[in-house]
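Trainee: any chance you could fold what I've pasted below:
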Amino acid sequence: GDPTPVPSTHTGAGPGLVSVLEDEVAQNLLKNADLVVGLTREGFIHAPLQQTILATGTRIIFVCDAPEVLIRNMPTPEDKAEVEAAVALVRSSKTMRVTSQAGTDLTVDLDNVHPGFQTGFADDAGRWDHWPSKMVLFWPEFTNGQIVLAPGDILLPFKEFIRSEVVLAVSGGHIERVDGGADARILEQYMLDSQDKWARYTSHMGWGMMRTGDWFATEMYSKHEIMGMDARAYAGNFLWSTGPHPFLNRDSYAHLDIAMRGCSITIDDKPVVIDGNLVD
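Mentor: Predicted coordinates for the structure are as follows:
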């Protein structure tokens, strides 16, 4: 028979730290803590256990980047107010549209998308956050149109810059077709090799608001030194992902985050990003 695929924690969607997932003593310790600081890349971000721990009121802050990246992207209390305003805008709106000069033209239904944010600190009971980060993100059920990855966009967790144009046709949240050169073939092969029925579906989407982010940090560090949060949270990016969707019960390890520059994003015709520049 076919070999059972082994999920990779390097995508950020793996099962997490088995030592914790199989140890009730460790789990109870975390449930009784006020604050848990996660310093391992595996973590258990996408495991149901994390939600169980958070439900007890425990706060979790995930920290896994180079010290200089952390210092440069130190969060402030004002950051939280800004991302909360973005969340409120998404929650009160119906449609997001993403366009770019490269050819992206994507329409996203904002009904029932469960908007949230990351801001770099966890100050509320039962909250998970990631330092460094500053972004709004949500979980659409329906996305339709075309996404064009242009040279200079970033594939995470591969931590690689796109070198050749990739055109993705999306219908009903499903990636119907991937066209292009070498980078397109890599994406297509990744989806096939994952043997994951949700690999071709879109996951969370949103935009970055971290003005201290450095797009080229991805190029300046070895892959094991950073998580790539500069790219994920970069102010004015369009961040979208593939694979898991907790609100549609899509458990998937085929999780990619794709950070794009140069896009324009409107929320019910209100611009929040213009040509890759965050609108104040």
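
Trainee: now the longest helix seen in the chain, how far from the centre of its chain.
Mentor: As assigned by DSSP state H, the longest helix anywhere in the chain is helix 77-91. Centroid separation for helix 77-91 versus its chain: 17 Å, with C-alpha atoms, centre = their mean, to the nearest Å.

Trainee: by contact count, what packs against it?
Mentor: Judged by 3 or more C-beta pairs under 8 Å, 6 or more residues apart in numbering; DSSP states H and E, helix 77-91 is in contact with strand 116-118, strand 135-138, strand 270-274. In this view, the C-beta of every residue, glycine as well, is placed from N, C-alpha and C.

Trainee: swap in 10 Å and give it another go.
Mentor: If you count contacts as 3 or more C-beta pairs under 10 Å, 6 or more residues apart in numbering; DSSP states H and E, helix 77-91 packs onto strand 116-118, strand 135-138, strand 202-208, strand 263-267, strand 270-274.

Trainee: in CSV: those, plus mean pLDDT and distance to residue 20.
Mentor: Converted to CSV, those look like this (pLDDT from 0 to 100; distance: least, C-beta to C-beta, whole Å):
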stretch, mean pLDDT, distance to residue 20
strand 116-118, 97, 22
strand 135-138, 98, 25
strand 202-208, 98, 24
strand 263-267, 98, 37
strand 270-274, 98, 37
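
Trainee: so which of those strands gets nearest residue 107?
Mentor: strand 263-267 (10.3 Å; C-beta to C-beta).

Trainee: so where do the strands sit in the stretch 151-280 of the chain?
Mentor: With DSSP state E, counting those that start in this stretch as the criterion, the stretch 151-280 of the chain has strands at 154-156, 160-161, 166-171, 174-180, 202-208, 238-242, 257-260, 263-267, 270-274, 277-278.
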